[in-house]
Each structure stands twice: as structure tokens, then as C-alpha cells.
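*Asks:* take a look and give me a structure for this.
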Amino acid sequence: MRIALVSPFPPLKGGIARFSGLLLPALEAAGCEVLPVPFRRLYPRWLLKGRPASDPGQADTISSPFTLDLMNPLSWLSTARAVVKRKPEVLLVAYWSGLLAPLCAVLRAVTGIRTVVLLHNFAAHEQLPAERLLQRLLLASTDGFITLSDSVRQDLAASGNRKPVRGLFHPVDEPRGYAPSKSDARVGIGLPAASKVLLFFGYVRRYKGLDVLPEAMSIALRHDPSLRLVVAGEFISGEGRFRAEVERLGIAGSVTLLPGYVPADRVATLFAAADAVVLPYRSATQSGVVPLAFGHGVPVIACDVGALSTQVAHGRSGWIVGRPGAEALAEGILEFFRCREAMPLREGLDEARRANSWESLASEAASFLESCSRGAA
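*Replies:* Numbering: from 1, shown residues only. Below you'll find the predicted structure:
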């Protein structure tokens, strides 16, 4: 089966590009021929505020005759016509924001090829104007959906969708290349060898709740001064407020801030240094950081929102904080470190890797795509 995969790919930054860069060879290993249809640009330059659009540490790039510019609808038309000439049996379109709905509609209308949407999110984390209108446009422009979490599938069902849906999962993201030892990683970051290290990783947006962490750390440090927090990621907003709060609480000596996009060749060092990844999210459908942590053998402390409690097995692959707020998060952090020696973390993380493999995802996705291409799903 020939699939045209429309998505950001490396060297563009972000979890969607990384995901699709791993999905492509997994589908090929499952017996599919995949035509990558990458984006040349996703956002206008002014929105990036001088930040690079590509990952400088990403060695893997996708070779493709197609290029899409999300900001230029004329490129949608030219790409659709070029895709038709390659005669794919199905289009698989990565989707995470309503901004993609008009593109999906154009691709489906111009190519006439059955189109399946790979839903990372059904609704944007930050609500867009006319969000419901864009969702209706998406529902009218596709022949099926693949979801990666139960919460996204539920959002899709609540919208009134009647198209076929295959509920899958976000596979574990195994490390690539050299991974340093914990001691070497901590030396490289400047962390004490005997400290208990929490890592907050990825883009910093309001829904991810980073603003709650300083107060939670302040509370937890009163009981365990060996705790250290590393924040590594690109701030979309709020860096100044975060720094000010850390200073106000007097915990700057226990917080290492590494602002800016983390290049691919730096990721393994950060996870090797960590005892746990912390996700203080206010809301979530799923998190690509969870499978990234599991792939690096690091448990996750997460708030009980969205699908995080289904991604993280409490007491086996991490710790779920059941109540919102800084005090509850601090209690969860302290409880995790008190209980971790008795937890079967190695077994729990191994289970997560086996149950959420790229091979399994690709096999199930290929079966569903074939059914959709024949109109039989």
C-alpha cells in the first residue's frame, strides 16, 4: 500500500515532526510504501520571534519532492496536484490544531484520495477563534481518524463524528546515539551527584503548568533539600515570570534553567541526569514527553489530567498526583522519592516499552489505512 504522509518532519522542530520521522520507517517496516509530504514552513516568521524553525542538532532529514507552506494556500494546491501524480492509495495527515483543517479540506477535494487524519489533538491547547467551525470542516473533509489517546477519541466522539476511528497510542521514543551515564550527565549540567533531579522538558506553554512548579519545589525543599529541578525547553511565554518567582521564593540554587529549544543531540544527556520527569500539566490529551521519558528509562510524575493517568502507571512507571495545586504536587514528588525503592520501576518501564512499540502501532495503523483506502473501515 502506498501512503502519502502529510506532516512536519525533521529538521523542523517539535514533537509532531519527531513523531512522524519515526512513524515513516515503522510503516515501511510494516510493508507500506510511504511518500513523505513535509512542510517547509508552519508559522509566520513574526510568530517565531527570532527563534529558529529547525532543530540544529537533528541529523536526520527527510528527502521528498513535495514541500508545503501552511501559510501559503497556493502551495496546498500545487502539492495536491503533485501528490496525485504519485498515485497513493490513501493520505495520512498529521493534525494537532484547527489551522490544519482548511489544508485537509483542500487536499481531500483536489486529490480525491481517501484521507485519514492522525489526531494528535482534536482541539488546540490554546483555543482558536472559530474552533468549532474548523472542527466541522475537518469532520466533513476526512474518511477516518487515528487517535493516540482515549481523551482525544472521546473529544472526537463528542463532536458528533460518524467516520471510522482507530484508537491507538503514542509509542515509546527510544534514545538514539550516545547516552551518557547519570554521573557524567550531571557533571555536564552542573548538578550535584547525590541530588534528586526532576526534569521539566519541552515547550513551555501555560497549559503545561510550569508556573506551579516553583511553589511546589519550595514546599518540597523544606522536607528534602537534596531536590533539584532542571527546566529545559523553549518558552513560548512566561520566562521572566518564572525567573522572578524562583528568585522570590529563594530557591534559585535548586533550579537549573536551560531555556531554548533542546537539540536532538542534547536530549539523552538531560534524561540521563534525571531521576524523574515532572509534568505539572493543567490540561492534556496526551504527552509526547511521557514516551520520551520511558524510552530513556526515566519514570514520570504527572498530574491526573487528560490521558496522563493512562500513560503513566501509578507506582509502576511513575506517580500520579490526584489533586491540583502546588501542595499536592509537592506531596506527590516527596511520596515518589520515599516510595521509589519499593516500586517495580524497571519492570514497569519495560512493560510500557513492550506494550507501546512502534512496530505494534505501525501494524495496526497500516491495517486501518488499508481498510479506509477501500472504503471498508
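*Asks:* V246 is in contact with A252, isn't it?
*Replies:* Yes: contact criterion Cβ atoms under 8 Å: V246 and A252 qualify, at 5.3 Å. In this view, the C-beta of every residue, glycine as well, is placed from N, C-alpha and C.
*Asks:* overlap of the contact sets of those two?
*Replies:* Contact criterion Cβ atoms under 8 Å, 6 or more residues apart in numbering; residues shared by V246 and A252: none found.
*Asks:* compare the two (neighbour count), which wins?
*Replies:* Ranked by neighbour count (other Cβ atoms under 10 Å), V246 and A252 place V246 first, with 21 against 13.
*Asks:* now do the SS call for that one.
*Replies:* helix (DSSP: H, G, I helix; E, B strand; the rest coil).
*Asks:* residues near A244, how many?
*Replies:* Neighbours of A244 using other Cβ under 10 Å come to 11.
*Asks:* which pLDDT value belongs to it?
*Replies:* What the model reports as pLDDT for A244 is 96.
*Asks:* again with the one 4 residues further on
*Replies:* You'll see R248 listed with a pLDDT of 97.
*Asks:* how about the contacts made by E234?
*Replies:* Contacts of E234 (Cβ under 8 Å, 6+ apart): R51, Y203, V204, P259, G260, Y261, V262.
*Asks:* nearest residue to it other than its sequence neighbours?
*Replies:* Nearest residue to E234, sequence neighbours excluded (Cβ to Cβ, 6 or more residues apart in numbering): Y261, at 4.4 Å.
*Asks:* the one you found - that's part of a helix, no?
*Replies:* No: when classified by three-state DSSP, Y261 is found to be coil rather than part of a helix.
*Asks:* mind checking how far it is from G288?
*Replies:* Taking Cβ to Cβ, to the nearest Å as the measure, Y261 falls 14 Å from G288.
*Asks:* returning to what we had before: list phi and psi for the residue nearest to E234.
*Replies:* phi -60, psi 140 (degrees, to the nearest 10).
*Asks:* that one against G15, yeah?
*Replies:* No: Y261 is beyond contact range of G15, at 11.6 Å (criterion: Cβ under 8 Å).
*Asks:* need the residues touching each of those two.
*Replies:* Contacts common to Y261 and G15, judged by Cβ under 8 Å, 6+ apart, are absent.
*Asks:* for the strand ranked longest in the chain, output the C-alpha coordinates as PDB.
*Replies:* Across the chain, the longest stretch assigned as strand under DSSP state E is strand 33-41. The C-alpha trace of strand 33-41 is given here as PDB (Å, rounded to 0.1, in the frame of the first residue of the first chain):
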ATOM      1  CA  GLU A  33       5.500   2.400   0.700                       C
ATOM      2  CA  VAL A  34       5.400   5.900   2.300                       C
ATOM      3  CA  LEU A  35       5.700   9.200   0.400                       C
ATOM      4  CA  PRO A  36       6.600  11.900   2.900                       C
ATOM      5  CA  VAL A  37       4.900  15.200   2.200                       C
ATOM      6  CA  PRO A  38       6.800  17.600   4.500                       C
ATOM      7  CA  PHE A  39       6.200  21.200   5.500                       C
ATOM      8  CA  ARG A  40       8.600  23.900   4.500                       C
ATOM      9  CA  ARG A  41       7.000  26.400   6.900                       C
END
